[in-house]
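Trainee: Here you go, sequence then predicted model.
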Amino acid sequence: MISKKVLILSEAFGAGHTKTAEALEEGISLFDPSVHTKIVELGQELNPLTTALMFYFYVKLITTYPSLWGKTYQKRQNQPISKIYQFMIYQLFHRKIEALLEHEKPNLVICTHPFSSSSVSRVKRLGRPFNLCTVITDFHAHGVYVHPEVDLYLVSSDRVQQELINMGIQRNRIIISGIPTKTKFWTKNNMQEIRRKLQLKDMPTAMLMGGGLGLGGIGQVAHMLAKWREDLQLVICTGHNKTLKRSLLKNRSFHHPHIHILEFVDIIDEWMDASDLIITKPGGVTCFEALLKGVPMLLYKPIPGHEEKNCDFLVQNRFAIKVGSLNEMEAWIQKWLCSPREVELLQKRIMDFKQNIDPLESYRSILKLLVP
């Protein structure tokens with residue numbers, strides 16, 4: 001019997017898309033070990049120089065001119081991209097994709113980034129014989145995701161489903177599965193046991209996150225929160241931002257037994273288990289992991305565009321609170337430490353949402369695409 005082959009395509013634009021790809025690989029192998037899976041960061045594989053330059057300019061844009069990026073994102077967010085834009089993505093990043101697909105000969109291609117989904121859709125339209133699944137890693141569907149060649153969309157919520165339907169995708173091609181995450185995020189471990197394992201004190205604990213790049217004003221927030229170090233245990237995740245970590249360690253305010261500064265770690269699920277509250281910019285994957293762990297969030301400095309849409313969803317559903325300034329952040333911390341009831345209500349809403357999400361649904365739906 002010939003085993004089925006699944007090619008999972010991501011892009012090297014931040015950590016979230018590849019984290020989702022890794023979760024899919026893990027889940028498929030658990031569900032059906034006979035299926036062969038392979039992850040490729042597509043642009044990095046086919047055109048690394050252009051991808052690196054584009055990523056550099058993207059980070060520069062969102063950190064220096066965020067409003068300009070927001071306007072660019074919003075321009076065509078509610079309509080499918082044209083074939084001209086699709087061709088431009090193909091030319092910039094994926095000109096050798098046909099050779100890759102011919103070499104791998106997958107039965108199913110899964111895309112976790114809209115650029116790879118766009119170029120694979122273009123190839124499929126020209127007659128390549130494979131099924132195509134696209135995973136939307138935010139709480140919002142941008143028009144760049146929308147292609148008639150996609151056989152199945154996996155989405156985080158009914159709102160994303162409706163946005164796709166509004167852009168012409170049939171309902172039966174959309175599964176509300178949640179954003180695929182690794183199995184270690186599916187259950188919440190005992191907080192006191194995890195705190196002992198991580199050598200943390202059993203006291204109010206907030207985790208500050210800025211994604212893999214350590215963005216979202218994390219340095220400013222860390223300095224403000226350090227003032228509460230006698231009453232608050234603070235875990236600061238600097239990701240791959242070594243400059244931020246060095247600057248924090250130089251400051252004596254952060255040399256305190258209640259403050260822990262982390263680089264990018266593989267056991268972030270355990271640090272979530274140990275936390276009462278997460279303070280973060282609203283990246284889709286991080287926020288969905290926090291929802292599965294049942295941890296309420298304070299959202300600060302969303303990147304205009306997709307993160308603003310994520311923020312809107314999380315706040316409207318009362319899973320999180322948006323704070324617009326450091327003064328507002330400090331007021332919420334003080335309020336939480338004095339009376340945690342509002343945060344507890346957020347946690348209850350999260351737990352209700354979590355009960356309606358079946359993490360296995362992604363893999364059941366994917367494997368159905370492999371059945372002839």
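Mentor: Here it is on my side, so go on.
Trainee: Run through who's touching the lowest-mean-pLDDT helix or strand in the chain.
Mentor: Lowest mean confidence among the helices and strands of the chain (mean pLDDT, DSSP states H and E): helix 66-74, at a mean of 83. Applying CB atoms under 8 Å, 6 or more residues apart in numbering, the contact partners of helix 66-74 are 58, 61-62, 142, 303-306, 308. To be clear about C-beta, it is placed using only N, CA and C from the backbone, and glycine gets the same treatment.
Trainee: Mind listing what's buried along it?
Mentor: 66, 69-70, 73 (16 or more other CB atoms under 10 Å).
Trainee: send the alpha carbons of it over as PDB?
Mentor: Below are the C-alpha coordinates for helix 66-74, written out as PDB (Å, rounded to 0.1, in the frame of the first residue of the first chain):
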ATOM      1  CA  PRO A  66       2.400  51.200  11.200                       C
ATOM      2  CA  SER A  67      -0.500  53.300   9.900                       C
ATOM      3  CA  LEU A  68       0.900  53.000   6.400                       C
ATOM      4  CA  TRP A  69       0.900  49.200   6.700                       C
ATOM      5  CA  GLY A  70      -2.700  49.400   8.100                       C
ATOM      6  CA  LYS A  71      -3.900  51.300   5.100                       C
ATOM      7  CA  THR A  72      -2.200  48.800   2.700                       C
ATOM      8  CA  TYR A  73      -3.800  45.900   4.600                       C
ATOM      9  CA  GLN A  74      -7.300  47.400   4.600                       C
END
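Trainee: Any of the contacts of helix 66-74 buried? List them.
Mentor: Neighbour counting with 16+ other CB under 10 Å marks 62, 142, 303-306, 308 as buried within the contacts of helix 66-74.
Trainee: Between the residues you listed, which has the least confident prediction?
Mentor: Lowest in pLDDT among the buried ones among the contacts of helix 66-74 is I62, which has 80.
Trainee: tell me the SS of the residue nearest to A222 when sequence neighbours are not counted?
Mentor: Spatial nearest neighbour of A222, excluding adjacent residues (CB to CB, 6 or more residues apart in numbering): I236 at 5.2 Å. Recorded secondary structure, I236: strand (DSSP: H, G, I helix; E, B strand; the rest coil).
Trainee: isn't I236 right up against H258?
Mentor: No: contact criterion CB atoms under 8 Å: I236 and H258 do not qualify, at 11.4 Å.
Trainee: out of these two, which sits in the busier spot?
Mentor: Taking neighbours as other CB atoms under 10 Å, I236 and H258 compare with I236 leading, 25 against 18.
Trainee: What's the separation between that one and L126?
Mentor: I236 sits 49 Å away from L126 when distances are taken as CB to CB, to the nearest Å.
Trainee: Please apply the same query to D276.
Mentor: As judged by CB to CB, D276 and L126 stand 52 Å apart.
Trainee: Dump the buried ones among the contacts of helix 66-74 into TSV; add secondary structure as well.
Mentor: Output for the buried ones among the contacts of helix 66-74, formatted as TSV (three-state DSSP):
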residue	secondary structure
I62	helix
H142	coil
I303	coil
P304	coil
G305	coil
H306	helix
E308	helix
